[in-house]
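Enquirer: this one's structure only:
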């Protein structure tokens, strides 16, 4: 006698597992998160202070003017086109390399992460040098997608490797077609990865400067930096920063709505077997174009451009002493900044994953507000604070690291939060029940399982520091020259040949960080 089949499981249907009761965070954890949030409020307070110093008439005349409206529309249009394009490309790339029989999947997996080693403004430098007539919105969207799609590709791949194929098997048994299985079973389980990566890309697009200068596309951030360069500490730039706050709030509301309050962690890894691969058949050459064209444009074109400028410049293009000094200083700031930012992000990410609530949401949103600001505003805020209240810290390594923490905390928070959210709280509770102190249980269970996410967050921060430009220029001690500042100085003088060695050094320095991200994504479930 045929028995009726069980109902189709969903991404959150966990038989036998009750939803855990939310527990408040320890006072020490909350205090640490509040201290970090207090420091993150410095740029926010700076902008609001400037706003309070302006009369309503002045503020209205500077904010509610046609030029600002054009910049807002340009920024929102860029977001509306680039972020969905990144998500769609990442989904296709991840599905082809993880769930199909596409040839050379191991190669495309590695190349899917490789664009992160090429800074966004180096991407624009390559396109500007190869196609100098490409200007405006569509080149800006194209280069943005090529530069930033790995930020959502990586979490999608990680989550795909954690999925229990039994859910898809049941759906197929019930008569669902492969496309229906993807949209009803697989895609809902990728929501957390897509939302986290999409938010990270959106914040990057809000604060990006060099890329859009080179492709001649004006956004709010470009206008703010240009205004600061023209009039130091002018009210127009600060008031446009307030508009950036509003756009950041909009992104946060969209992210919160899209994430919802569902649970994504499960106890146990499901069936320890790889998911079945979809056979592409005779259509495989067509699908091969997706990774082939993407990596050719995102990795091949920049490398060819740099090599071409080397060939033109010859041995005279090398700046031996300057290149060595800039590389060592960049590595120093990247390592120190990544460690500092990761430690600062842990309390906020822990509260977000383990004790979500109004306080946690407020603390987390502060860092997103600050992270969306251009580096020039963050730097000016720290300049104002150090000059008036802590003069010995002005133009010191500590001031530079503080700026990096304010700018790149969202990267670490999102990466660590996503991983912590997938670690079942029941495992830590079981360790406590067996006699382990809560702090010990957190270290040996939760943080150990979340270590790949923590390493990925640190690598993302280090890559951001390697290519950071404006805050480094304004805050670093006299004599500090990083690869990004040296590259930008030569690009500003249209010295593409002289900029090539520094571009290549940034790429080489970012390769080990990409390897870390690739290994942590590919190592999930041992596939």
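Expert: Thanks, I have it. Being a predicted model, the structure only gives us computed values, none of them experimental.

Enquirer: pLDDT of stretch 423-442, averaged?
Expert: On average, the pLDDT along stretch 423-442 is 72.

Enquirer: ok, now stretch 484-491?
Expert: Rounded mean pLDDT across stretch 484-491 is 84.

Enquirer: just give the nearest non-adjacent residue to the residue nearest the centre of the chain, would you?
Expert: By C-alpha atoms, centre = their mean, the chain has its centre lying nearest to residue 200, at 4.0 Å. Excluding the flanking residues, the one nearest residue 200 by C-beta to C-beta, 6 or more residues apart in numbering is residue 151, at 5.0 Å. Yep, even glycine has a C-beta here, placed from its N, CA and C like the rest.

Enquirer: roughly how far does residue 392 sit from residue 344?
Expert: From residue 392 across to residue 344, the span is 22 Å (C-beta to C-beta, to the nearest Å).

Enquirer: I should have written residue 426 there, sorry.
Expert: Taking C-beta to C-beta, one finds residue 426 at 28 Å from residue 344.

Enquirer: more crowded one of these two?
Expert: residue 344 (23 against 15; other C-beta atoms under 10 Å).

Enquirer: hang on, the earlier thing: host element of the residue nearest to the centre of the chain?
Expert: Following DSSP states H and E, one finds residue 200 within helix 191-207.

Enquirer: which other helices and strands contact that helix?
Expert: Applying 3 or more C-beta pairs under 8 Å, 6 or more residues apart in numbering; DSSP states H and E, we find helix 191-207 packed against helix 66-99, helix 137-148, helix 150-162, helix 220-230, helix 235-259, helix 358-371, helix 397-421.

Enquirer: can you show me the helices along the stretch 351-500 of the chain?
Expert: 358-371, 375-389, 397-421, 425-433, 438-441, 448-449, 451-467, 470-475, 483-492, 496-522 (DSSP state H, counting those that start in this stretch).

Enquirer: among these, which is nearest residue 320?
Expert: Closest approach to residue 320 among the helices of the stretch 351-500 of the chain (C-beta to C-beta): helix 496-522, 9.1 Å.

Enquirer: residues near residue 247, how many?
Expert: 17.

Enquirer: right, and it touches residue 74 too?
Expert: No: assessed by C-beta atoms under 8 Å, residue 247 is found out of contact with residue 74, at 11.7 Å.

Enquirer: where do the contact lists of the two overlap?
Expert: Shared contacts of residue 247 and residue 74, defined by C-beta atoms under 8 Å, 6 or more residues apart in numbering, comprise residue 220.

Enquirer: next one, pLDDT for residue 256 please.
Expert: The model reports residue 256 with a pLDDT of 71.

Enquirer: who's in contact with it?
Expert: Residues in contact with residue 256 (C-beta under 8 Å, 6+ apart) are residue 361.

Enquirer: so it versus residue 433, what's the distance?
Expert: Using C-beta to C-beta, we find residue 256 at a distance of 33 Å from residue 433.

Enquirer: any low-confidence regions in the stretch 401-527 of the chain?
Expert: 422, 438-439, 520-527 (pLDDT under 70).

Enquirer: how about 50 then?
Expert: Along the stretch 401-527 of the chain, the model assigns pLDDT under 50 to residues 525-527.

Enquirer: now the chain
Expert: Across the chain, residues meeting the criterion (pLDDT under 50) sit at 1-22, 267, 269-272, 525-527.

Enquirer: I'd guessed residue 485 sits against residue 471; true?
Expert: No: here residue 485 lies out of contact with residue 471, judged by C-beta under 8 Å, at a distance of 10.5 Å.

Enquirer: those two: which has the busier surroundings?
Expert: The neighbour count for residue 485 versus residue 471, taken as other C-beta under 10 Å, is higher for residue 471 (24 against 20).

Enquirer: wait, the more buried one touches residue 400, no?
Expert: Yes: using C-beta under 8 Å, residue 471 makes contact with residue 400 at a distance of 7.3 Å.

Enquirer: what's the angle from the helix holding residue 200 to helix 220-230?
Expert: 30 degrees (axes from the mean of the first three to the mean of the last three C-alpha atoms, to 10 degrees).

Enquirer: from the chain's centre, how far out does the helix or strand just after helix 191-207 sit?
Expert: Where DSSP H and E defines the elements, the next helix or strand beyond helix 191-207 is helix 210-214. Here helix 210-214 is found 18 Å from its chain centre; the criterion is C-alpha atoms, centre = their mean, to the nearest Å.

Enquirer: how about stretch 367-375?
Expert: Centre-to-centre, stretch 367-375 and its host chain are 12 Å apart (C-alpha atoms, centre = their mean).

Enquirer: start to end distance for that stretch?
Expert: Terminal residues of stretch 367-375 lie 14 Å apart, using C-alpha to C-alpha, to the nearest Å.

Enquirer: identify the residues contacting the closest residue to residue 402 other than its chain neighbours.
Expert: The shortest distance from residue 402 to any residue other than its chain neighbours is 6.1 Å, reached at residue 382 (C-beta to C-beta, 6+ apart). Taking C-beta under 8 Å, 6+ apart, we find residue 382 in contact with 42, 43, 399, 402, 403, 406, 475.

Enquirer: thought the last one was touching residue 403?
Expert: Yes: with contacts defined as C-beta under 8 Å, residue 475 counts as touching residue 403 at a distance of 5.4 Å.

Enquirer: which neighbours do these two have in common?
Expert: Common neighbours of residue 475 and residue 403, using C-beta under 8 Å, 6+ apart, are 379, 382.

Enquirer: quick one: distance of the strand or helix carrying residue 336 to the chain centre.
Expert: Secondary structure assignment for residue 336, by DSSP H and E: helix 320-354. Its chain's C-alpha centre and that of helix 320-354 lie 14 Å apart, by C-alpha atoms, centre = their mean.
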